[in-house]
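*Asks:* structure for this input, please:
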Amino acid sequence: MNHLILPKEVDSKFSFITVASQRAKQLQNGAKPRVETRSRKPTRVAIEEALAGAISWEVRDDVKPAEVA
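*Replies:* Prediction:
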């Protein structure tokens with residue numbers, strides 16, 4: 001994989017890679033892959049799952065603004 005073409009709903013490469021890395025950790029800890037793939041590497045499987053839409057994520061903005069005194 002030389003170039004990664006992200007789906008339109010992905011807002012940034014950073015978000016995509018963050019999600020894929022968290023999913024790769026789950027795969028390394030024994031989670032079952034959600035897509036058929038020839039690769040056995042958790043990182044590659046996680047990227048393929050994300051590209052296929054087999055995993056979902058949401059971006060939350062939990063940071064509360066500082067109160068002004």
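
*Asks:* list the contacts of the lengthiest helix in the chain.
*Replies:* The residue-count maximum for a helix in the chain (DSSP state H) belongs to helix 13-28. For helix 13-28, contacts defined as CB atoms under 8 Å, 6 or more residues apart in numbering pick out 4, 6, 10, 31, 33, 42-43, 45-47, 49-50, 55, 57, 59. Bear in mind the C-beta positions are built from the backbone N, C-alpha and C, glycine included.

*Asks:* centre of the chain to stretch 52-63, how far?
*Replies:* Centroid separation between stretch 52-63 and its chain, computed with CA atoms, centre = their mean, to the nearest Å, is 8 Å.

*Asks:* repeat for stretch 10-17
*Replies:* Offset of stretch 10-17 from its chain centre (CA atoms, centre = their mean): 8 Å.

*Asks:* average pLDDT for it, rounded please.
*Replies:* For stretch 10-17, the mean pLDDT works out to 87.

*Asks:* what strand or helix carries the residue lying closest to residue 52 once chain neighbours are set aside?
*Replies:* Counting by CB to CB, 6 or more residues apart in numbering, residue 52 lies nearest to residue 35, which is 5.0 Å off, once chain neighbours are set aside. Residue 35 is part of no helix or strand, with elements assigned from DSSP states H and E.

*Asks:* and what of residue 31?
*Replies:* If you go by DSSP H and E, residue 31 is not part of any helix or strand.

*Asks:* any idea how far the residue nearest to it when sequence neighbours are not counted lies from residue 14?
*Replies:* Among residues not flanking residue 31 along the chain, residue 23 sits closest, at 7.9 Å (CB to CB, 6+ apart). With the distance defined as CB to CB, to the nearest Å, residue 23 ends up 15 Å from residue 14.

*Asks:* these two: who's more crowded?
*Replies:* Taking other CB atoms under 10 Å, residue 23 and residue 14 do not tie; residue 23 has more neighbours (23 against 9).

*Asks:* need the pLDDT of that one.
*Replies:* At residue 23, the model reports a pLDDT of 96.
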